[in-house]
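A.B. asks: this one's structure only:
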């Protein structure tokens, strides 16, 4: 018998390198980013003075209750069709 203790085993601490992203996931991520940027550009364009979103936001700012009533009536009209 010996008085020496065997060395302790190495403890795994999760230091492995991160796995590479899958090609399909990368493609989907890129497609989503492109769509988001296009939608953002369309919204920015529509908010310019004289464009529909600019007009709509001005009307809603000046008459919020009237705008709410119109939105409610449009919702009722769309809901009845279905």
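C.D. replies: That came in fine, so what should we check first? A quick note: this is a predicted structure, and the numbers were derived from the prediction, not measured.

A.B. asks: Against residue 42, how distant is the residue nearest the centre of the chain?
C.D. replies: Residue closest to the average C-alpha location in the chain (C-alpha atoms, centre = their mean): residue 36, at 7.7 Å. Between residue 36 and residue 42 the computed distance is 11 Å (C-beta to C-beta, to the nearest Å). For every residue, glycine as well, the C-beta is placed using N, CA and C.

A.B. asks: And residue 4, by the same measure?
C.D. replies: From residue 4 over to residue 42 the distance is 73 Å, taken as C-beta to C-beta.

A.B. asks: Tell me where the chain has helices.
C.D. replies: Assigned by DSSP state H, the helices in the chain fall at 23-46, 52-62, 64-81.

A.B. asks: Of the ones you listed, which stretch is the most buried?
C.D. replies: helix 52-62 (a mean of 12; mean count of other C-beta atoms under 10 Å).

A.B. asks: Counting by contacts, list what that one packs against.
C.D. replies: Helix 52-62 sits against helix 23-46, helix 64-81, with contacts defined as 3 or more C-beta pairs under 8 Å, 6 or more residues apart in numbering; DSSP states H and E.

A.B. asks: Give me the angle between that helix and helix 64-81.
C.D. replies: 120 degrees (axes from the mean of the first three to the mean of the last three C-alpha atoms, to 10 degrees).

A.B. asks: Thanks a lot, see you next time.
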